[in-house]
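A.B. asks: Pasted the sequence and its predicted model underneath.
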Amino acid sequence: MSNSTHISPAAPPLAGVRPTPNRRSLSNLFQPEWAILPVLVVVIIAGAILNPAFLSSDNIYGVMQQASELGILTMGLTLVLIAGKFDLSLESTFGLAPMLGVYCFLDVSGGSLGLMSSPILALLAIFVSGALIGAFNGVLVIYLKFNAFIATLATLILLRGISLGVTRGQTLSELPPLLTAPGEASIGNVPLSFLIALGLLAMLTLFMSRHRIGRMLYAVGGNSQAARVAGIPVERVLMWVFIAAGVLAALAGLLQAGRIASIPSSLGQNLIFNAFAAAVLGGVSLNGGRGTMPGACGGVLLLVLIQDVLVLSQVPAYWINATTGGIILVALLISKLSGADKAA
Amino acid sequence: MSNSTHISPAAPPLAGVRPTPNRRSLSNLFQPEWAILPVLVVVIIAGAILNPAFLSSDNIYGVMQQASELGILTMGLTLVLIAGKFDLSLESTFGLAPMLGVYCFLDVSGGSLGLMSSPILALLAIFVSGALIGAFNGVLVIYLKFNAFIATLATLILLRGISLGVTRGQTLSELPPLLTAPGEASIGNVPLSFLIALGLLAMLTLFMSRHRIGRMLYAVGGNSQAARVAGIPVERVLMWVFIAAGVLAALAGLLQAGRIASIPSSLGQNLIFNAFAAAVLGGVSLNGGRGTMPGACGGVLLLVLIQDVLVLSQVPAYWINATTGGIILVALLISKLSGADKAA
Amino acid sequence: MIPATRPAVSSTSVNPLAAIVQIDRAVKRFGETVALNELSLTISRGESHGLVGRNGAGKSTLVSVLTGLRTIDSGKFLVNGAAPPVLSDRNAWREIVSCVYQHRTLVPDLSVAENLYLGRYQGKQTISWRALNQKASAELDSWNMPILPNAKVRDLGVGEAQMVEIARALSQGSRFVILDEPTAQLIASEIDQLILRVNELRKRGVTFLFISHHLEEIPQVCDTVTVLRNGRDVLHGDAQKITTTRIVSAMVGDEATGIALTASEHVTRPPLSSDMPVVLDAQIKAAACKDTFHLTLRAGEVVGLAGHSGSGTRHLALTLAGHNPRWAGQIQLKGEKVPRTWNPSTAVRTGISLLPEDRIKTGLVGGLSIEDNITLPSLKTFSRRVLIDRKARRKFAEANRTDLGIACHSVTQAVSELSGGNQQKVLLGSALSPNPAILILLHPTAGVDIASKATILDIVERRRRQGLAVILVSDEPEELAFCDRVQVWVRGEKVAERSGMNEQELVAAMEGFTLPSETS
Amino acid sequence: ADSTMKLGLSMPTLNTPFFTVLVDAATNEAKAAGGSVVQTTNANRDASQQVTDFRNLINAGANTILAGVVDRAAIKPALDFAKSKNVPVVIVDDEPSAGDAYAVVRADNVGMGARAAEALAGAITAKSGQVLNITGALTTTNGRNRKDGFNQEFKKKVAGVEVIEQTANWEGPASANVALTVLSGNPNIIGIYLATDTLYYDPVAAALKSRGRLVPIGQPGHIPVVAIDGGSGALKAIREGYLDATISQPVTDYAKCGVRYLAAALKGEAMKAGPTDHNSTVVKDGAYYVDELPSPIVTKQNVDDPNLWGNGR
Ligand SMILES: Nc1ncnc2c1ncn2[C@@H]1O[C@H](COP(=O)(O)OP(=O)(O)OP(=O)(O)O)[C@@H](O)[C@H]1O
Ligand SMILES: Nc1ncnc2c1ncn2[C@@H]1O[C@H](COP(=O)(O)OP(=O)(O)OP(=O)(O)O)[C@@H](O)[C@H]1O
Ligand SMILES: [Mg+2]
Ligand SMILES: [Mg+2]
């Protein structure tokens, strides 16, 4: 969007020369969440003061659940953003994929195709449809060369429409345990979904920093021309990014469906904005080529905590949205001052 | 939204390369709607076939009204986009500005500050608040150098929250004629709002193509650094763009409030997406520096007609949203093939 | 420049079997522009082939064809005697050729090391940063480049970045290497580095296609040379025997005589009459520079700021043009002190124009027409009451087109479609359009062919005669020869200020060798 | 005009079961009455869209309109337009604040809130603590009415019990988040009120379950829950003894009566006040003839009543 590269002479052309400390490979991995950390700390302290229950296991449990759903969606989005693209439709994948899976392969109340009833197939179908939707977006953006914002906006509308059409507004409920477990089960006092999210975070962090494909993503996002001449199969890489993002969104949707033990036709609505806010708060650049998974997840945690604190501190219902917006702005400001958001 | 300004031999869609350069200055003005015209024609013919009522004066009247509201909003957005920025919060300005104006300076049912009651002041206040909101976004994006997408997303949430808080969700109704007239009055069989929109379109078209500030906008959007080197006060110009967009959004909101004779706290929700879709369909580039007002308005007309035709042609209600999304995709495809959308 | 120490490499005889590249009557069009026009060219194995031509001659286009980024519209194109791979098969192409493109192909946010080995992490899936960085710093040391392997490319200077690109191309171990204007942004010492390395590789039988506007480099590097004009190969010969004048006349065709005149003009320039008014009097204490910068500039005077990357010259120039909000000191323009809030728009309005060094990034609006770009700083003067007077504007643009000799088919053509040199001319036209009292030039003729170089300097010279004062920031002796007086800066210190320095003195001074400086 | 019914359905939204059922019922009823449904529109909860929808429906040939309301005030221009085309309109589920309608078939939402409050007041055992009120989107009239109705009545019924109010914008996940958070913040929540069970019950129940707070009625630790809507899920929960009570909206009756009135309007009959054949009375409330349908409170006793829309299909 805004290319704010300045001709200002202040850009020290010699920054690369020996004297400068050897921080890069490290910083590349850790800087963003250092930048968001102060904000997180502030929110946590504030929360603890406003209402001691903030630190209660119940509350933390809830936070973990919400954080893992939004977190997984955001990781998917982050992949796309780092690769220099954009995907608004992930929120509809979040809702539609689980719905299609259940609708096609289960016989639950609320409606179904009634072909057969097989939880395993349903589970499979969920991820497959996630992948297919991702691929569809990929084709639009990569091969038909649509502007990613507008193309995925169109898909967003299309997919939301489909999920309305498929179930005619009904809520699918009474899901089999196999589908709800990932979202509702817990090991000790830790939600299973949280463990899943942590696992993914670890994997993706390594992948992005150490795996050659991961590095290719940064190259493609940073300068697709350079990547192309360097022999990186830009199109193919991007294709996989969209597919991966779709699958992650589907998983996130599955977790939420599990948590609320049902699939309303509005599942996931307006979630993508939170994902974007989280990613950017976590230092992911919307211009591509910059950002990290831990950073993005830091942003997720921040958002979830803010919402949580607001509810706990019983801000009057009418003003809660406004307050959220205000706080996000402040958070952006802080994380910018502390240098995370290089994007803007 | 990666924006590669440099020429590199391998980029087939080179930034700004036009296959037929000699038509450029002309095309600069007219090409986009030539490109969207075929699609428009198709839709109109389809509509007329599917349901003769499509061409009834009643229907056309309704289309004009909607088109002018969305159109004015979209013109505001287009200004911002051409200048290379981004503003999601325009939809909340659309709703909040009229609400504030009425709330502060009128005593209508639904709630009011009850200071005094003066329609003229209210009218003024509406535009002033539009301008102020625009300025606020401007400061965030231009001087605090936030990424426009994320900053205006935050303001969007904030402003929506405020409009909920101010009236505690109540709908302001029984507005004085001065405020409703622009949106509901009609001259002969043509809605006043449509004439207003046409006037603005003519003005802005001339402004963008013939006025020096207009040309500056294209430069700033195309390459802000070059603009700066050329002595254009980039920041100031951008500031005015955001303010103008805010005022236009406020006006659009006023028109819609007039049409529905009231101001619900949800006024304008999700409208910005239509505005974006319209602008891009009309050949406005999301990377800045390219697009025209007539093009954008062509896009608006297209969207409104699509909605209209779908209802008239008895597409099952549950599938209307999906169909809309699908058609937008197709329209994008066509307008791309016919060469309007260079953005992607 | 170092003396041409090029090893004798045998057999420049063109034996089609030994040919790496055979092109026959290739045509490449861009819209109405014919970039390659029935061009025929053969590059035989082991030779190093020079390619010269004016801006827009088609060199880079040819490169994009040779490296599989574009296909020719018609004609024959064989690689190693066989049909070339499909464009999408990048790896096959990388087997055949590695290239330094005229335009950056580095990823700004990745480290130097990663950029060096971009896309070739030697098969294994996970990357060991330590290994990568070690390999990189070895590579960098071999070029004795004082850069950290894990510095971000974003933070490098123009020259440093260019060297990284070159190092990458040459370290890929390809048998065929293309260098498109590799020296355009390099300083003398770096150029020597490059030439040495190229010649080493030639001994090992690597084939080169070497593109440059510095004709003196051709005999230092090449066996054979081909001259392009308007997409045609107009001259082909032995780089050692053929004379520069023949190359030049081939490049420019019939205009040759004209060039000779203009080019020589500024050298024999009548001394500046001392009664010219002082237009600029500046003392600047720049963050970049230890020494305070003093400059008194008379109308019609040309002062050079000589200095390599990191010298502070650019920083000073940008400050004068108002691009440095945190400046200290004072600037007097035509006797009046400029305000603290000294910014580009006030600078342009009060008569200081800047010609930035990176035209694509900071100079031109690629998507807009030549007309729009040229009149951008002076739109106000074309506004009648409210709207712009189109006719006047068009006339002005056309005048510039002929005046600057911009090669295009219409002033409504997008500048992004022009070749480097022509873009530079548009940029100059734009800088001059508000007709400023002072013009600040940053490396004005970098990457510009001789003829255009002459044209550009010629335009400036003409304006100078009408009283334009010029500040020329450069590290190219030929450019600096254009100046009445030169300040030499090294790492933020002024080491010399005098007129009439010869090339050797200048180069030495910029390299930081102190010489008896009696400041004039 | 000929009196075969060409019905237009203008719905505020379609992605809640409530309106789905309404649409289906109305469609059947219209067919039964020998008419047809011209088109169903979905305003996606956008007030101005509904005004457009009316226009479109009439342009599409509708000679009668059955509408749910996005916004009481904002629907006026739509009604005016219908009037100008003399197309009779029946409003269901809510009453417009201005404009002409042939009839209004509704169950007063404030009242439902109040009855829910009553039910919850009866169900709560503890006499001190807080009650959680998870409201719908406060930008919607129903959201506000159900909230206010509950709050006012509940304050009357039980003193000294604080009502914690949180909105979930008609979104299931949000209701689960709110429930869990508030529960953790206030250990002694003694009751929960849901503005809608079709959207909120499953999520909230799941949330309670995840923290082991979902206990059947009668067993220690049970948190009384009362809701509005009476969707199938809620009825199931009542049978299983988890949900204390819900206020069943007479959705199908809305449709049935609504369509009947429209048929009458087509025949040119005038609406008149007085008792009806479906044990309700039509009252003249301001400008409108309002048929206020009973909205039965559903508990274990009457949960299997086949007339409840939740038991339909
Ligand atoms: N605004 C500034 N504040 C502090 N240091 C600066 C600033 N601008 C430049 N420098 C430093 O001053 C020195 C000179 O920078 P400058 O860019 O002026 O040199 P240069 O010769 O123009 O470089 P190049 O030719 O590569 O553009 C460098 O060490 C740079 O890091
Ligand atoms: N992508 C493009 N679209 C349209 N025209 C182009 C494009 N690329 C090059 N051209 C045109 O093709 C001709 C040759 O361009 P090219 O860049 O090959 O010249 P060049 O010899 O490399 O010039 P320079 O020495 O300035 O780099 C020029 O007239 C240029 O305007
Ligand atoms: Mg070139
Ligand atoms: Mg320099």
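C.D. replies: Good, I have the coordinates. Numbers count the residues shown, from 1 in each chain, chains lettered A, B, ... in the order given. Ligands and ions are numbered 1, 2, ... in the order given.

A.B. asks: Tell me which residue of chain C is furthest from the middle?
C.D. replies: Within chain C, the residue lying farthest from the chain centre (C-alpha atoms, centre = their mean) is C:Arg385, at 40.6 Å.

A.B. asks: Let me know the pLDDT of that one.
C.D. replies: On the pLDDT scale, C:Arg385 is placed at 82.

A.B. asks: can you give me phi and psi for it?
C.D. replies: Dihedral angles of C:Arg385 (phi, psi; degrees, to the nearest 10) stand at phi 50, psi -100.

A.B. asks: what about it, distance to C:Thr375?
C.D. replies: From C:Arg385 across to C:Thr375, the span is 17 Å (C-beta to C-beta, to the nearest Å). Where you see a C-beta, it was placed from the backbone N, CA and C, and this is true even at glycine.

A.B. asks: Leaving out sequence neighbours, find the closest residue to D:Val90.
C.D. replies: Using C-beta to C-beta, 6 or more residues apart in numbering or on different chains and skipping the chain neighbours, the partner closest in space to D:Val90 is D:Gly258 (4.5 Å).

A.B. asks: So for the host helix or strand of D:Tyr289, mean pLDDT?
C.D. replies: Per DSSP states H and E, D:Tyr289 falls inside strand D:288-292. In this model, strand D:288-292 has an average pLDDT of 90.

A.B. asks: Packing partners of that strand?
C.D. replies: strand D:103-106, strand D:281-285 (3 or more C-beta pairs under 8 Å, 6 or more residues apart in numbering or on different chains; DSSP states H and E).

A.B. asks: any idea of the angle the longest one forms with strand D:288-292?
C.D. replies: Inter-element angle recorded for strand D:281-285 and strand D:288-292: 140 degrees (by axes from the mean of the first three to the mean of the last three C-alpha atoms, to 10 degrees).

A.B. asks: In strand D:281-285, which residues are buried?
C.D. replies: Buried residues in strand D:281-285, counted by 16 or more other C-beta atoms under 10 Å in any protein chain shown: D:Val282.

A.B. asks: residues in contact with it?
C.D. replies: D:95, D:103-104, D:271-276, D:289-292 (C-beta atoms under 8 Å, 6 or more residues apart in numbering or on different chains).

A.B. asks: tell me, which of these make contact with ligand 3?
C.D. replies: Subset of these in contact with ligand 3: empty, counting by C-beta under 5 Å from the ion.

A.B. asks: okay, among the residues you listed, which ones form the most distant pair?
C.D. replies: D:Glu95 and D:Pro275 (19.7 Å; C-beta to C-beta).

A.B. asks: Tell me where the stretch 251-400 of chain C has strands.
C.D. replies: Secondary structure of the stretch 251-400 of chain C, counting by DSSP state E, counting those that start in this stretch: strands at C:278-285, C:293-298, C:302-306, C:328-333, C:336-337, C:352-355, C:383-384, C:387-388.

A.B. asks: worst average pLDDT in these?
C.D. replies: strand C:383-384 has the lowest average pLDDT among those, namely a mean of 87.

A.B. asks: tell me which helix or strand of the chain sits lowest on mean pLDDT?
C.D. replies: The chain I'm using is chain A. One helix or strand of chain A scores below all others by mean pLDDT, DSSP states H and E: helix A:24-50, with a mean of 69.

A.B. asks: I was after chain C.
C.D. replies: helix C:256-265 (a mean of 42).

A.B. asks: all helices for chain D, in order.
C.D. replies: Per DSSP state H, chain D carries helices over the ranges D:17-32, D:47-59, D:76-84, D:109-123, D:141-157, D:172-185, D:197-210, D:232-240, D:251-267.

A.B. asks: and of the ones you listed, who's closest to C:Asp180?
C.D. replies: Of those, nearest to C:Asp180 by C-beta to C-beta is helix D:172-185, at 55.8 Å.

A.B. asks: and the angle from the closest one to helix D:197-210?
C.D. replies: Using the same axes, to 10 degrees: helix D:172-185 against helix D:197-210 is 40 degrees.

A.B. asks: Before I go, just wanted to say thanks for your time.
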